[in-house]
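Colleague: Dropping a prediction and its sequence here:
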Amino acid sequence: MSLRNPLLAKPNLGHLALMARFYQERTEAREYDVGHSRSEAERLAWGETQLRWHAERGKKAPPGICAGCQRDLKDIEPSIELGDGTRVHLRHDHGCLIKHGQRWRSAADRALIAIGLEKPHGFTND
């Protein structure tokens, strides 16, 4: 396991261990407390772990830049602020929102896999 992985901002053993432990705990909670199958519990926990990684380590678009298309947000174009503090163009096809979600989930996947977690079979970022 490399502690100099560029996919992780300021990686350290404590954070790596916390992410792995969080994933394991969420998987067990979904399986034993809620009653999901092991494979479904792993997929649900992966999504939760992606979200946590993004909140703690994910790259955020600078103010005034759409997190989806990476272009300037103009006052005349409607936009929406997301839970992570970034903004995306508010378009009828939701293209910028979708692109932003795909981008940060893919980044989270790469980072989580780089720390030794295994993406659950059947999990997609769609």
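Modeller: Ah, there it is.
Colleague: where does residue 75 fall, helix, sheet strand or coil?
Modeller: coil (DSSP: H, G, I helix; E, B strand; the rest coil).
Colleague: when you give positions from now on, start the count at 56
Modeller: In the new count, where the first residue is 56, that last one comes out as residue 130.
Colleague: burial of it, as a residue count?
Modeller: 6 (other CB atoms under 10 Å). C-betas here are computed from N, CA, C, even on glycine.
Colleague: Quickly note the distance from residue 123 to residue 100.
Modeller: To residue 100, residue 123 is 26 Å away according to CB to CB, to the nearest Å.
Colleague: my bad, should have said residue 80
Modeller: Taking CB to CB, one finds residue 80 at 8 Å from residue 100.
Colleague: Go through stretch 99-112 and flag the buried ones.
Modeller: By neighbour count on 16 or more other CB atoms under 10 Å, the buried set for stretch 99-112 is 99, 100, 101, 102, 103, 104, 105, 106, 107, 108, 109, 112.
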